[in-house]
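Chemist: Here's a sequence, model it:
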Amino acid sequence: MLAEYLHEQSAAFLRSLRLHRESGSDAEAAGEAARQLRHAARRISATLHTFRPLTEEAWADQLLAELGWLSGTLAREQACAARRERLMTALARLTGRGERPERAERSARGTRGDRSRRGDRGAATTPPPAPAPAGSTATDPDPDAALAAGAARAGALLDRQLTLARTRAHSAALQALGSSRFHAVADSVAVLASEAPLARNAAELPATEALPPLAEQAHRRLVEAVAALPLSRAGYPYNGAALAADHRQDAPWHQVRFLVRLSRYAQELIAPEYAESRLAEAAHALESHRDAAEAAAAAAAAARTPRIAPATAYALGVLHADQRHQVEAACFAFTLVWHSRPPADRTA
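Modeler: Modelled structure (predicted):
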C-alpha cells in the first residue's frame, strides 16, 4: 500500500514536470503545471516523513530535504502574486474604492447634471458646508482623508516591491528547474515511481499492521500541538491577540498547519474513503492564517521604507492592522472547526 501510493504520487510528479516542459511560453499552463508539481512533491514528502521507519531512512531524509527545497522555490512566485492581489484588494476595501462603484457613478452623473442645469447659478445655490462637530476644530485630522491620501502611494509602493519579489522568484524557479540539483531530484523521483526503497521490516509486516500506528502517531502529534494553542482565547472573535507586537505567536499555528497536512495525507493513504472533512477545513483556515500573516509582514516591511510620506506610512499601518485582524479571524475559524465534532477513529 505504501509503495503503491509513492508510485502514484511520483508518477503525478513526473507527469506535471512533462506538462511544465511542454507549456513553453504559455505562462498560465506553466503555472498550473508548477502547482501540480508542488502538490505531488508535498504528498511524497509528507508520506516519507510520516512513514520514515518503513523506508531506507538515509535515502528518505535526503529526498525529503531536496523536495522541500524544490517545493519552497516553486511556491514563492505564486505566493508573491497572491500576496499582491490580497493587499491591493484590502487597500481598495479599506479606502472604499472597491465598494459600491455603481452608486458612486450615479452620484457623479447626478452632480454633473445638476451643474449643467444650474449653469452660472451654481455658485449662488451651492449649500454651505456642514458645521463641524462640537469640540472639533478645522485643523483636526480626518482619518478617512489621511487614509485616502496615502492609499495610492502605499499601493504603488507595495506593487513595486511585490512585483520585484515575484520577478526574482520567477527567475529563481527557472534557474532551479534547469539546475543539476533539480535533475538529481527528478531522477530520484523517477526511481521512486518504479521501485520504492522500503526497509526490510516493511516487507515482513502487512500494511494493515505497519501503517496505522505511524498514522496514529502523526495524528497524536497534531492533537498535542493543537492543545498548546491558545484556543480558549482564539475562540472569541475580535480578542485582539493577533495585534500583539510579537509575531512569533504565529509559529505554533504554522507548525499545526504542517501537522494537519501530515495527518491528512496519512489518512489519504490508509483510508481515502474515510477522509475527515474537518482536517480539510482546518487546513483551509490555517492557510488563510498564513496568507494573512505574510501579507501583514509585507505591509510592515513596506512601512519601514526610508523617507516615505507620513500619509503613506499611515495607510500601510492601517493595512497591516487589517491583515492582523484577518489572522485573528483565521484563528477563530480554526477553533470553530476543530471543536465542531470529536476526532474520527484514526484506525478505521
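
Chemist: residue boundaries of the helices in this structure?
Modeler: Ranges of helices within the chain are 2-22, 27-50, 57-95, 101-118, 122-125, 143-177, 180-194, 200-204, 207-227, 231-234, 250-270, 277-303, 310-338, based on DSSP state H.

Chemist: Quick one, which of the ones you listed gets closest to residue 244.
Modeler: Within the helices of the chain, the stretch nearest residue 244 is helix 310-338; the backing value is 8.8 Å (CB to CB). All C-beta spots, glycine's among them, are computed from the backbone N, C-alpha and C.

Chemist: re earlier: for the helices of the chain, give me JSON lines that also has mean neighbour count, distance to residue 240 and mean pLDDT.
Modeler: Below are the helices of the chain laid out as JSON lines (neighbours: other CB atoms under 10 Å; distance: least, CB to CB, whole Å; pLDDT from 0 to 100):
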{"stretch": "helix 2-22", "mean neighbour count": "18", "distance to residue 240": "42", "mean pLDDT": "91"}
{"stretch": "helix 27-50", "mean neighbour count": "19", "distance to residue 240": "34", "mean pLDDT": "92"}
{"stretch": "helix 57-95", "mean neighbour count": "17", "distance to residue 240": "19", "mean pLDDT": "93"}
{"stretch": "helix 101-118", "mean neighbour count": "10", "distance to residue 240": "33", "mean pLDDT": "45"}
{"stretch": "helix 122-125", "mean neighbour count": "8", "distance to residue 240": "49", "mean pLDDT": "41"}
{"stretch": "helix 143-177", "mean neighbour count": "16", "distance to residue 240": "19", "mean pLDDT": "90"}
{"stretch": "helix 180-194", "mean neighbour count": "15", "distance to residue 240": "44", "mean pLDDT": "92"}
{"stretch": "helix 200-204", "mean neighbour count": "11", "distance to residue 240": "50", "mean pLDDT": "69"}
{"stretch": "helix 207-227", "mean neighbour count": "16", "distance to residue 240": "21", "mean pLDDT": "91"}
{"stretch": "helix 231-234", "mean neighbour count": "15", "distance to residue 240": "9", "mean pLDDT": "81"}
{"stretch": "helix 250-270", "mean neighbour count": "20", "distance to residue 240": "15", "mean pLDDT": "94"}
{"stretch": "helix 277-303", "mean neighbour count": "19", "distance to residue 240": "14", "mean pLDDT": "94"}
{"stretch": "helix 310-338", "mean neighbour count": "21", "distance to residue 240": "7", "mean pLDDT": "93"}
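
Chemist: Turn those into TSV, including distance to residue 242.
Modeler: Putting the helices of the chain into TSV (distance: least, CB to CB, whole Å) gives the following:
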stretch	distance to residue 242
helix 2-22	35
helix 27-50	26
helix 57-95	15
helix 101-118	31
helix 122-125	49
helix 143-177	20
helix 180-194	37
helix 200-204	44
helix 207-227	17
helix 231-234	9
helix 250-270	8
helix 277-303	8
helix 310-338	4
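
Chemist: Mind checking the ones you listed for the one nearest to residue 241?
Modeler: Closest among the helices of the chain, once you apply CB to CB, is helix 231-234, at 5.6 Å.

Chemist: which strands and helices sit next to that closest one?
Modeler: helix 310-338 (3 or more CB pairs under 8 Å, 6 or more residues apart in numbering; DSSP states H and E).

Chemist: distance between the helix it packs on and the chain's centre?
Modeler: 14 Å (CA atoms, centre = their mean, to the nearest Å).

Chemist: tell me, what residue is most central in this structure?
Modeler: Nearest to the geometric centre of the chain sits residue 291, at 3.4 Å (CA atoms, centre = their mean).

Chemist: Check the gap between the closest residue to residue 295 other than its chain neighbours and residue 298 for me.
Modeler: Computed as CB to CB, 6 or more residues apart in numbering, the closest residue to residue 295 that is not its neighbour in sequence is residue 323, at 4.6 Å. Distance, residue 323 to residue 298, using CB to CB, to the nearest Å: 9 Å.

Chemist: Mind listing the shared neighbours of these two?
Modeler: residue 87 (CB atoms under 8 Å, 6 or more residues apart in numbering).

Chemist: picking that back up, I'd assumed residue 296 was in contact with the residue nearest to residue 295.
Modeler: Yes - using CB atoms under 8 Å, residue 323 is in contact with residue 296, at 3.7 Å.

Chemist: hang on, the earlier thing: wait, isn't the residue nearest to the centre of the chain in contact with residue 86?
Modeler: Yes - counting by CB under 8 Å, residue 291 does reach residue 86; the two are 6.5 Å apart.

Chemist: quick one: contacts for residue 336?
Modeler: So residue 336 contacts residue 235 (CB under 8 Å, 6+ apart).

Chemist: quick one: it from residue 77, how far?
Modeler: 33 Å.

Chemist: got it, and residue 300?
Modeler: From residue 300 to residue 77 the distance is 22 Å (CB to CB).

Chemist: same question, residue 53
Modeler: With CB to CB as the criterion, residue 53 and residue 77 are 35 Å apart.

Chemist: With residue 298 instead?
Modeler: When residue 298 is compared with residue 77 (using CB to CB), they lie 15 Å apart.

Chemist: Over to residue 184?
Modeler: For residue 184 relative to residue 77 (CB to CB), the value is 22 Å.

Chemist: now swap in residue 150 and tell me
Modeler: 28 Å.

Chemist: Just to check, residue 37 is in contact with residue 74?
Modeler: Yes - counting by CB under 8 Å, residue 37 sits close enough to residue 74 to count as a contact (6.5 Å).
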